[in-house]
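J.: give me coordinates for this.
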Amino acid sequence: MDGSGVRPSAAGIAPGTTLVDARGQIPHVVVFGNEKGGTGKSTTALHVVVSLLHQGHRVGALDLDARQGTLTRYMRNRQDYMQRHDLELPVPVYRAIDRSTLADQTDASADETERFNQALAELSSRCDFIVIDTPGADTTLGRLGHTFADTLITPINDSFVDLDLLATLDPDSLKILRPSTYAAMVWEHRMRRQQRDRGVIDWIVMRNRLSHLDARNKREVGQVLETLSKRIGFRLAAGFGERVIFRELFLKGLTLLDLAQLEAQGGLTMSHVAARQEVRTLIEAINLPPAGYRRAAAQSATLRQTG
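T.: All right, here's what the predicted structure looks like:
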C-alpha cells in the first residue's frame with residue numbers, strides 16, 4: 001500500500017478529460033463493474049493488478065466500494081503479510097474513496113465527484129495502468145468509474161440470476177427479449193465516450209465460479225451469452241472456478257501469481273496449479289495493450305491529420 005502521502009492536485013480532473021501523466025503518456029484504465037455484489041470483482045481486480053506489477057508496470061488501484069471494502073481489506077492483508085514475514089511484494093499505488101456523508105443528494109454527488117477526480121488525477125500522473133473496483137450497485141462513484149474505462153470487465157456468476165443484469169429472457173425459450181439496466185448503462189457510457197474523444201470501451205463479460213461439470217445450466221448460460229455478446233457487443237472470457245484457494249489467499253493478501261510465497265508455504269498442489277492457470281488464461285484473454293500505446297496512437301492520428 002502506497003504511503004508516500006503525495007497530495008493530489010487540488011483542481012482534480014473533470015469527467016471527459018483525457019488522462020495524461022508527466023511524461024505525456026496516457027494511462028490505460030481497467031474498470032471492474034456490474035450492479036451486483038459477490039461476483040468476484042475485487043478478487044479478479046487484485047489478480048490483474050499483481051499481474052501488471054510483475055510485468056514491471058506502474059499500477060494504481062482505486063477502490064470505489066470502500067463501504068464493503070473488499071479490495072481495501074485485500075490490500076491491508078497484503079501489507080500485514082509482508083510485515084509479518086519480512087517480505088517485499090509488489091504493491092500498487094492504492095487509494096479508496098468512501099461515499100459522501102452529506103445529507104443533500106446533490107451536495108453528496110458533488111463531494112464524491114470532487115474526491116474521485118482528485119484521486120484519479122494523482123494516479124494518472126504516476127501510473128501506466130489504473131485498476132478501478134466499483135460498487136455492486138448503481139452509485140455516483142460507480143458511474144464515474146465507468147466514465148473513464150478503456151477496458152470494462154464484468155464478472156458474473158455462471159447463473160441466470162446474474163445474467164439478468166445483462167438481459168431479460170423469455171423463461172421458456174430463453175430468447176433475449178431486451179437488454180437489462182446494466183447493459184443499457186454501459187451502452188450509454190460507450191456512446192458518450194465515442195462522442196467525447198472517439199475512444200472505445202472494450203467490454204469483457206467474465207463467466208466466474210464456473211462449474212467443473214458439464215451441467216445443463218452451464219451450457220444454456222453459455223449459449224445465451226454467446227448470442228448476447230453479438231447483440232450488445234462484449235467479449236466473453238472464462239473466469240475462475242469455485243475453488244477454496246481464492247478465499248484462503250484473501251486472508252494473506254496474496255494472489256496465485258505470488259508464486260515464490262506460495263512455494264515457501266509448502267509448495268503448490270494440483271488444485272493450486274489449475275487455479276493459477278485459470279488466472280493466466282484470463283489475463284491472456286483480457287489482452288491489455290502495452291503501456292504507452294495510447295500516446296503512440298494519438299501521435300499517429302495527429303500525424304495522419306496534419307499530413
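
J.: can you give me the helices for this structure?
T.: With DSSP state H, the ranges of helices along the chain come out as 41-54, 70-85, 105-124, 140-147, 160-163, 181-197, 216-232, 244-252, 259-264, 270-286, 293-306.

J.: other SSEs contacting the first one?
T.: When you say that, I think you mean helix 41-54. strand 28-32, strand 59-63, helix 70-85, strand 129-133, strand 151-157, helix 270-286 (3 or more Cβ pairs under 8 Å, 6 or more residues apart in numbering; DSSP states H and E). For every residue, glycine as well, the C-beta is placed using N, CA and C.

J.: next one: it to chain centre, how far?
T.: Computed by Cα atoms, centre = their mean, to the nearest Å, the separation of helix 41-54 from the middle of its chain amounts to 8 Å.

J.: ok, residues contacting it?
T.: Residues outside helix 41-54 that contact it (Cβ atoms under 8 Å, 6 or more residues apart in numbering): 30, 32-34, 59, 61, 65, 70-71, 74-75, 90-92, 128-129, 131-134, 136, 153, 155, 206, 208, 239-240, 246, 250, 255-258, 279, 282-283, 286, 288.

J.: one more: the shortest one?
T.: The contact list for helix 160-163, computed with Cβ under 8 Å, 6+ apart, reads Asn34, Lys36, Thr39, Ile156, Leu169, Asn217, Glu220, Val221, Val224, Leu225.

J.: re the thing from before, deepest-packed of the helices of the chain, please.
T.: The highest mean neighbour count among the helices of the chain, using mean count of other Cβ atoms under 10 Å, belongs to helix 41-54: a mean of 23.

J.: any weak-confidence spans in the stretch 51-200 of the chain?
T.: Across the stretch 51-200 of the chain, nothing is flagged by pLDDT under 70.

J.: centre-most residue in the protein?
T.: Note on the chain: the residue nearest the mean C-alpha position is Phe32, at 2.7 Å, using Cα atoms, centre = their mean.

J.: ok, and the closest non-adjacent residue to it?
T.: Leaving aside its chain neighbours, Phe32 sits nearest to Lys41 (4.2 Å; criterion: Cβ to Cβ, 6 or more residues apart in numbering).

J.: read off the pLDDT value for the one you found.
T.: If you check Lys41, the pLDDT there is 92.

J.: swap in Phe246?
T.: 84.

J.: just the one 10 residues further on next, same as before
T.: Note for Leu256: predicted pLDDT of 87.

J.: would you agree it is in contact with Ala274?
T.: No. Contact criterion Cβ atoms under 8 Å: Leu256 and Ala274 do not qualify, at 9.9 Å.

J.: identify the residues contacting Pro135.
T.: For Pro135, the contacting residues are Gly37, Leu64, Asp65, Arg67, Gln68, Leu141, Gly142, by Cβ under 8 Å, 6+ apart.

J.: any idea how many residues pack against the fifth one?
T.: The tally of other residues near Gln68 (other Cβ atoms under 10 Å) stands at 16.

J.: roughly how far does it sit from Ser180?
T.: As judged by Cβ to Cβ, to the nearest Å, Gln68 and Ser180 stand 22 Å apart.

J.: rewinding a little: nearest to Arg192, of the contacts of helix 160-163?
T.: Asn34 (18.8 Å; Cβ to Cβ).

J.: so who does Trp187 touch?
T.: Pro179, Ile232.

J.: at 7 Å what do you get?
T.: Contacts here follow Cβ atoms under 7 Å, 6 or more residues apart in numbering; on that basis Trp187 touches Ile232.
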